[in-house]
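Trainee: A predicted structure for the sequence below; I have some questions about it.
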Amino acid sequence: MATKTSSTTQGQTNGKTSEVNGQHKEGQKKDNQLQKFFMDQLKDIYYAEQQLLKALNEMKSACTTEELEDAFEEHQKQTERQVKRLEKVFQLMDEKPEGKKCEAMDGLIKECKSIISETKEGTMTRDAALIIAAQKIEHYEIATYGGLVALALTLGKNRAAHLLDKTLQEESDTDEKLTDIAEEHINFQAEEEDEKSGKEQEIEMSESNYN
Ligand code: FE
Ligand code: FE
Ligand code: FE
């Protein structure tokens, strides 16, 4: 089954939120609390994207297949552009770009690193596991950007919403692409790899029985 992203993510309901536009004028007092929360979330994802940029180096070099390595490479380049896009959003909000520690992304990256140390180099199992770890990251980003798009629209920051929505789409496409890579052959080959090593073990065991 494809693990496609939920269509209920905030911000993905294109057009629906447009009626909110114009209801709140920029800088209105009642939006201050919400705007502060929006800025907080923006800082959170700004930090998260930067951590991910670094982690992707390690993830790329851990891959077994070139296909997954290329996918990570492509997403790393995309992530660089996403960081720049976030800086534009900060600008649109008249604020300086600033990161705020995101415990969730730190944790997801940590999980990624333990997967690398717990799986054998050069195996399909490693790629299958890396894909799942990477998809957890994408899903975190999708939830964050989905919320940010919806909040930006509520705050009447349409240009910011548009930029954030672009990134939301990229995260969602990446998630789907990873699903395709896994389902096309990596998961199957990881399963075959297990069968093979199981047989090898059986042969080794029966050989050692004769000795
Ligand atoms: Fe991203
Ligand atoms: Fe966070
Ligand atoms: Fe991403």
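Mentor: Thanks, I have it. Ligands and ions are numbered 1, 2, ... in the order given.

Trainee: how far away is whichever residue of the chain sits closest to ligand 2 from Tyr47?
Mentor: Nearest to ligand 2 in the chain, going by CB to the ion, is Cys102, at a distance of 3.4 Å. Backbone N, C-alpha and C define where each C-beta goes, glycine included. Applying CB to CB, to the nearest Å, the value for Cys102 to Tyr47 is 5 Å.

Trainee: So the two - more neighbours on which side?
Mentor: Using other CB atoms under 10 Å as the criterion, Cys102 and Tyr47 rank with Cys102 on top: 23 against 17.

Trainee: so that one touches Leu42, yeah?
Mentor: No - the criterion here is CB atoms under 8 Å, and Cys102 misses it with Leu42 at 11.3 Å.

Trainee: Give me every residue in the chain that's in contact range of ligand 1.
Mentor: Glu49, Thr79, Gln82, Glu141 (CB under 5 Å from the ion).

Trainee: if I look at the most centrally placed residue in the chain, how far off is Ser61?
Mentor: By CA atoms, centre = their mean, the mean C-alpha position of the chain lies nearest to Glu138, the distance being 1.9 Å. For Glu138, the distance to Ser61 (CB to CB) stands at 20 Å.

Trainee: and this structure, which of its residues are near ligand 3?
Mentor: So the chain meets ligand 3 at Glu141, Glu171 (CB under 5 Å from the ion).

Trainee: Give me the below-cutoff pLDDT ranges for the chain.
Mentor: Low-confidence segments of the chain, defined by pLDDT under 70: 1-9, 11-31, 198-211.

Trainee: mind redoing it with 80?
Mentor: 1-31, 194-211 (pLDDT under 80).

Trainee: which residue ranges form the strands in the protein?
Mentor: With strands called from DSSP state E, the chain shows none.
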